[in-house]
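S.K.: Following is a predicted model, sequence given first.
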There are 2 protein chains.
Amino acid sequence: MAALQRAIVTGEFSPGTKLSETDLAKRFGVSRGPLREAIRRLEIRRLLTVVPNVGARVVSLDNQQLVELFETREALEGQAARLAAERMSDQAIADLQGLLDRHAAVISAADGRAYYQEEGDYDFHYRIAHGSGNSLLAGILLDDLYQLLRMYRFRLSAAHGRAEQALLEHRQILAAISERDGPLAELLMRRHIARGRNRLAGQVEVDQE
Amino acid sequence: MAALQRAIVTGEFSPGTKLSETDLAKRFGVSRGPLREAIRRLEIRRLLTVVPNVGARVVSLDNQQLVELFETREALEGQAARLAAERMSDQAIADLQGLLDRHAAVISAADGRAYYQEEGDYDFHYRIAHGSGNSLLAGILLDDLYQLLRMYRFRLSAAHGRAEQALLEHRQILAAISERDGPLAELLMRRHIARGRNRLAGQVEVDQE
DNA sequence: GACTCACCTATTGTCAACAATCGTGGCTGA
DNA sequence: TCAGCCACGATTGTTGACAATAGGTGAGTC
């Protein structure tokens, strides 16, 4: 069930790949019934595109669609940061501070490369989404958009030194949250994501098929 | 397929209702296989809550969850309004102006009651979402959140005179879009939705079972 | 040689039967 | 009388087989 989603998100199936029901059923050792249900779920989550009587393919996002993804994240994560500033517990904020400290250690050890590309960035955003105290908002971000984003992390490869920059931005956002300044937290988060979007827009198109 | 979703959204099944697979299968004249796929889809769309080995129920949102819905809409529709101000065609803006004129006619004819409760409000927000030019953003709003919202329109019953107020706010938003003022359009849209949320918060709890 | 049409294969869509799990009701015992 | 246990019924989860549709392939014709 979740195994299929993981296989897609982790890039085991590259974007655009045709998914045969019978093949997948054998691969995961289940019958086609449950598998079709899993496919429907991933279709709604926008990880697969299904055309009737033809089959399912792993979504293949062009740069335009990635820009759309970032625009949507900008709105939702901005709101999440604002709400987190109002609602996150002092304990959760302290924990998040600890997380960023660990990230800093990783960065200096790995010379800046690892942080942004790897799960560290997701960790931070993950906690902010949860910290919003809004389970609907958090659900849309974590269950839908982040899964989509992870498929394309390879294309969002960080420029050298981007890791330190990202960490700095994370620290600024957390500082705003810590001071319970909702509007500032929202503004900083939106900028943080907009930077990612701009980096994307300036990138050469890399179409695969 | 879509018939089940329509039946739920239109309130044919009231919130909290237990949905039996066999009953629904007979009702819609299909087998349990396709029906289960439909259930999974509606589960992801958050219209049904499914607990394993027990069954599916129509979601039953308490006021807290409705507040979450409005908070999420606020972020997404605000962004949609901002983008619409940048991207909507002059033609689409003119059409939307015509829609609001027709709404005004309906209001004066029906003495203000019909507009806000009925589909008129959705029409406006629907077009803004589309006007954003962001199909992901529009999809989340139209396919997920609005369906959820429509289930609870009865609880959001407008106070007398709210229809005129809503129409006025719609006109202000459209004016900002027409002047290509993205930030203003976002601000006004967020306020427009926040008013709905505040009305909700001040409302007595009406739990159904 | 290129185009058209019919067939054929492979894949998706659907169905009815079987297995597994949960909730309920009644029974038993203290 | 009430608590706990057991068995039964009902509902969900799963499976394999059958039907329908799409795309490719080959022969035939212009």
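M.R.: Structure's in. What do you need?
S.K.: who's A:Leu48 bridged to?
M.R.: When assigned by DSSP bridges, A:Leu48 has beta-bridge partners A:Val58.
S.K.: Now do the same contact list for it.
M.R.: Residues in contact with A:Leu48, defined by Cβ atoms under 8 Å, 6 or more residues apart in numbering or on different chains, are A:Ile8, A:Leu19, A:Ile39, A:Leu42, A:Ala56, A:Arg57, A:Val58, A:Val59. Every residue, glycine included, has its C-beta placed from N, CA and C.
S.K.: neighbours of A:Asn53, just the number please.
M.R.: When neighbours are counted by other Cβ atoms under 10 Å in any protein chain shown, A:Asn53 registers 5.
S.K.: typo on my end, A:Asn134
M.R.: Applying other Cβ under 10 Å, we find 26 residues neighbouring A:Asn134.
S.K.: That one contacts A:Ala80, doesn't it?
M.R.: Yes - counting by Cβ atoms under 8 Å, A:Ala80 is a contact partner of A:Asn134 at 7.3 Å.
S.K.: Toward the C-terminus, what is the element adjacent to the helix or strand bottoming out on mean pLDDT in chain A?
M.R.: Every helix and strand of chain A was ranked by mean pLDDT, DSSP states H and E. The lowest is helix A:114-117, at a mean of 52. Following helix A:114-117 in sequence order, the next helix or strand is helix A:119-131 (DSSP states H and E).
S.K.: ok, that next one near chain B or not?
M.R.: No - between helix A:119-131 and chain B, judged by Cβ under 8 Å from any Cβ of the partner chain, nothing touches; the nearest distance is 11.5 Å.
S.K.: With stretch A:7-16 instead?
M.R.: No - using Cβ under 8 Å from any Cβ, stretch A:7-16 stays clear of chain B, with a minimum separation of 15.0 Å.
S.K.: pull the CA atoms of that stretch into PDB?
M.R.: This file holds the C-alpha atoms of stretch A:7-16, laid out as PDB (Å, rounded to 0.1, in the frame of the first residue of the first chain):
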ATOM      1  CA  ALA A   7       8.600   3.600  -4.400                       C
ATOM      2  CA  ILE A   8       7.300   6.500  -6.400                       C
ATOM      3  CA  VAL A   9       8.400   9.300  -4.100                       C
ATOM      4  CA  THR A  10      11.900   8.000  -3.600                       C
ATOM      5  CA  GLY A  11      12.300   8.000  -7.300                       C
ATOM      6  CA  GLU A  12      12.400   4.200  -7.800                       C
ATOM      7  CA  PHE A  13      10.000   4.800 -10.700                       C
ATOM      8  CA  SER A  14      11.200   7.800 -12.600                       C
ATOM      9  CA  PRO A  15       8.700  10.400 -13.700                       C
ATOM     10  CA  GLY A  16       6.700   9.500 -16.800                       C
END
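S.K.: Flag every buried residue along that stretch.
M.R.: Buried positions in stretch A:7-16, judged by neighbour count with 16 or more other Cβ atoms under 10 Å in any protein chain shown: A:Ala7, A:Ile8, A:Val9, A:Phe13, A:Pro15.
S.K.: re earlier: can you add pLDDT and distance to B:Asp95 and give the contacts of A:Leu48 back as JSON lines?
M.R.: Below are the contacts of A:Leu48 laid out as JSON lines (pLDDT from 0 to 100; distance: Cβ to Cβ, whole Å):
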{"residue": "A:Ile8", "pLDDT": "76", "distance to B:Asp95": "39"}
{"residue": "A:Leu19", "pLDDT": "93", "distance to B:Asp95": "40"}
{"residue": "A:Ile39", "pLDDT": "93", "distance to B:Asp95": "37"}
{"residue": "A:Leu42", "pLDDT": "92", "distance to B:Asp95": "36"}
{"residue": "A:Ala56", "pLDDT": "94", "distance to B:Asp95": "36"}
{"residue": "A:Arg57", "pLDDT": "94", "distance to B:Asp95": "35"}
{"residue": "A:Val58", "pLDDT": "93", "distance to B:Asp95": "37"}
{"residue": "A:Val59", "pLDDT": "93", "distance to B:Asp95": "31"}
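S.K.: Give me the angle between the longest helix anywhere in chain A and helix B:63-87.
M.R.: Counting residues, the longest helix in chain A under DSSP state H turns out to be helix A:63-87. For helix A:63-87 against helix B:63-87, the angle by axes from the mean of the first three to the mean of the last three Cα atoms, to 10 degrees is 140 degrees.
S.K.: who's in contact with the residue nearest the centre of chain A?
M.R.: Closest residue to the average C-alpha location of chain A: A:Tyr146 at 2.7 Å, with Cα atoms, centre = their mean. By Cβ under 8 Å, 6+ apart, A:Tyr146 lies in contact with A:Tyr122, A:His125, A:Tyr126.
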